[in-house]
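In: turn this into a structure:
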Amino acid sequence: MRVPEHFDAPVGGRFLIEQQVGAGATAHVYKAIDLVLQRPVALKLFTQWDPERTDHPAAREAELLRSLDHPGIVKIWEDGILADLGVPFLALEWLAAGSLRDFAARQQPSIRQLVELGARCANALGALHAAGIVHRDLKPENILLRPVRGADGRGPELLVEPVLVDFGVATRGAVGTLSGTPAYMSPEQARGVTSLDGRSDLYSLGSTLFELLVGRPPHRGPTAIATLARLATTPAPRASLFRPELPRALDDLLVALLSTDSAERPASAAEVESQLLSCLEENDDPYVFPEEPSSRLGSGSSRLVTTIVATAFAASATRDQALHLLLSQGAEAAGLGSDALVGHLGVQGATGREAQAALELGGQLAGWGAAVGIASGRAELRQRAGNGAAYPVGDVVDRAAALAREASPAQVLADATTAELGRGRHEFRLRGDGSSVVGAALRTPLGDGRGGAPFVGREAELARVLGAYERTLSSRRSVLVTVSAEPGMGKSRLQREAVARLSALANPPRIVVQRSDPYGRRHALGAASDLLASMIELPRGASAQQATLAIQETLGPSTLRDGQGEHQLLSRLLANEPLPQSIGPNGARDALWLSMTELAREALRDGPLVFVVEDLQWADPESILWLDHLLGREAEHGALLLACVRPEFWSDYGARFQQRERVRIDLRPLSNQASRSIAAAVLGAAPTDERVT
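Out: Modelled structure (predicted):
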């Protein structure tokens, strides 16, 4: 049903609308004056409604609200259908102090205030759950605030108490469809469990408190499916990782609330309320934190993990069949809603064939009509309390989810690392962003399974690349490795082999790939911005606002609160937006270099980093200057820059990188023996002693 944008008269002859205050997929909310009751109300008009139905959503929500009587749950005054508009409505208590999110942004409440508000929310949830109702969409926007006067009645300031609102997807009993907001949804909601209890809401309360305390939700991905995939299989980080001054008891309670397994969460809202209040009673100073946060993050190891995300299954039964297939192959897997799934290979034990197995599984899922994304990379494995199971922590799932989103039905997309590890056993068609469309499996795998033909004749050069990487780890100094040769002599093959070997290490580095083209010299800092955008997982075509969030994710929650100009410039650069005309070239250059270097150095704190640049000779001169600068500045952790160049690079840039530690590899033609081995693998003939010319 269509609701008009402007109201010239009281709707239903009763409600004088003042302004719209919210809009969702199924309803709009307005501040209005109820001319009968002579009071302000929140008027909820349901825009998605089938008039042929005998029931209407307003009646269902009204029935739930009338069964509840608690100061922390919104009050209902009236419901029905407006005759003049033909839409169902609810007239609810008007809560003048706005949402909890608005309050947190406006007042910047202390830890103590947020804990007190959380305890009151838990009290309201207790009443809700006692009535057999699960809210299913608890989040900062759905917790409004009621202003109340101070107890003594003398203070001019207004205090607030939280009130739960929006019961549109609340339920008694079984759940029909996946509903809720991904960042606050419980893992069992994300998996499509049809029978939820109050512990699902407790997870959402924990997610809400986590965000208000540290400035971000516990699970955040670039897309909704990436967020769901993370929270369905991955433990949330500790809040103290982002805000070390949090009290220990509060930090531990958040860990329990955000447990992936609902059985490990507190048993009831009353228990959560009691523990929150204890956080205040046991410590007069809630800012005291007795130990280093690193000692409380839990132990973990790091290994190469391959993640599959598949979406758009035509039927839930098909999705369930696919989920069973992944589980039978040893994957840690979970369903997402009714038509998607996520699976991790290499978590319980690595065999070295995880990427190949994922490609084979992905082909089967695509055969059932799914859109599949596969990504491989280093992931930290943390032990989950209770059963000792390990779960991956990292951004591999985000890359897999992004590829699944881009894939068409019955198509598999793989990232560069997965393609390298599967090359020679599957057909791959390279895409512009470095990922590949996965084709059919080759009936007779060629060579060593990575490159079609066997990797021979370049073992010494490969050893020099891997040795340079080892030096970056041992000396914590950055190293430049250049592979120089004319086209067709094997630069890219050597680079691919090096990437595959590095990715297969027990603790592999993070690898960021950039490809320059003959037109790249026209775009100042274009190659450098491409590298940095890939490093922070910023998709092509992203806006400056998206770039700002990605930069903040790397540098920390407080990075952009002061409006630092250099980071705003970097956001524009990464989004390929023009810089402000008020900034001169020299000022922009200095500010950009500063923030670019800070971003790269911060990424190195998370572990080893390898930059791979193809055809560096085509990069713009400003990017080459900055890469030289970065290698000289990064003295704490060390990065490896592996660049393929044509011989003329050194005539153009011979003065660059002179002061850096570097390994220069000039490829020469392969030996006759190596050429015969390659020919034999490709043609299927046995090597002979005949001379190859």
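In: for the residue positioned nearest the centre of the chain, list the residues it contacts.
Out: The chain has G221 as the residue nearest its centroid, 2.1 Å off, counting by Cα atoms, centre = their mean. The contact partners of G221, by Cβ atoms under 8 Å, 6 or more residues apart in numbering, come to 227-230, 397-398, 401. Bear in mind the C-beta positions are built from the backbone N, C-alpha and C, glycine included.
In: can you give me the helices for the stretch 101-250 of the chain?
Out: Using DSSP state H, counting those that start in this stretch, the helices of the stretch 101-250 of the chain run over residues 111-130, 187-190, 198-214, 224-233, 248-257.
In: of the ones you listed, which is nearest A440?
Out: helix 224-233 (26.1 Å; Cβ to Cβ).
In: just the pLDDT for the residue nearest to the centre of the chain.
Out: On the pLDDT scale, G221 is placed at 78.
In: now it: how far from A229?
Out: Taking Cβ to Cβ, to the nearest Å as the measure, G221 falls 7 Å from A229.
In: overlap in contacts of the two?
Out: Shared contacts of G221 and A229, defined by Cβ under 8 Å, 6+ apart, comprise 397, 401.
In: circling back to that earlier point, out of the helices of the stretch 101-250 of the chain, which comes closest to Q495?
Out: Here helix 224-233 is closest among these (Cβ to Cβ), at 28.6 Å.
In: now that closest one: average pLDDT?
Out: 85.
In: for that helix, which positions count as buried?
Out: Under the neighbour-count criterion of 16 or more other Cβ atoms under 10 Å, helix 224-233 has 225-233 buried.
In: cool, and stretch 425-433?
Out: The neighbour-count check on stretch 425-433 (16+ other Cβ under 10 Å) flags 425-426, 428, 433 as buried.
In: same thing with stretch 355-370?
Out: So, applying 16+ other Cβ under 10 Å, buried residues of stretch 355-370: 355-359, 361-366, 368, 370.
In: on that earlier part again, ok, so of the buried residues of stretch 425-433, who is nearest L35?
Out: D433 (58.0 Å).
In: my assumption is that P539 lies in a strand; please confirm.
Out: No - going by DSSP: H, G, I helix; E, B strand; the rest coil, the assignment for P539 is coil, not a strand.
In: any regions of the stretch 201-350 of the chain where pLDDT drops low?
Out: 282-303, 349-350 (pLDDT under 70).
In: just the strands from it, written as ranges.
Out: Per DSSP state E, counting those that start in this stretch, the stretch 201-350 of the chain carries strands over the ranges 300-311, 332-336, 340-345.
In: cool, and the stretch 551-693 of the chain?
Out: Using DSSP E, counting those that start in this stretch, strands in the stretch 551-693 of the chain cover 609-614, 640-645, 661-666.
In: the inter-axis angle of the second one versus strand 609-614?
Out: With axes from the mean of the first three to the mean of the last three Cα atoms, to 10 degrees as the criterion, the two stretches strand 640-645 and strand 609-614 enclose an angle of 0 degrees.
In: how close does E271 sit to H129?
Out: In terms of Cβ to Cβ, E271 sits 11 Å off from H129.
In: when those two are compared, which one has more neighbours?
Out: More neighbours surround H129 than the other of E271 and H129, with 19 against 16 (other Cβ atoms under 10 Å).
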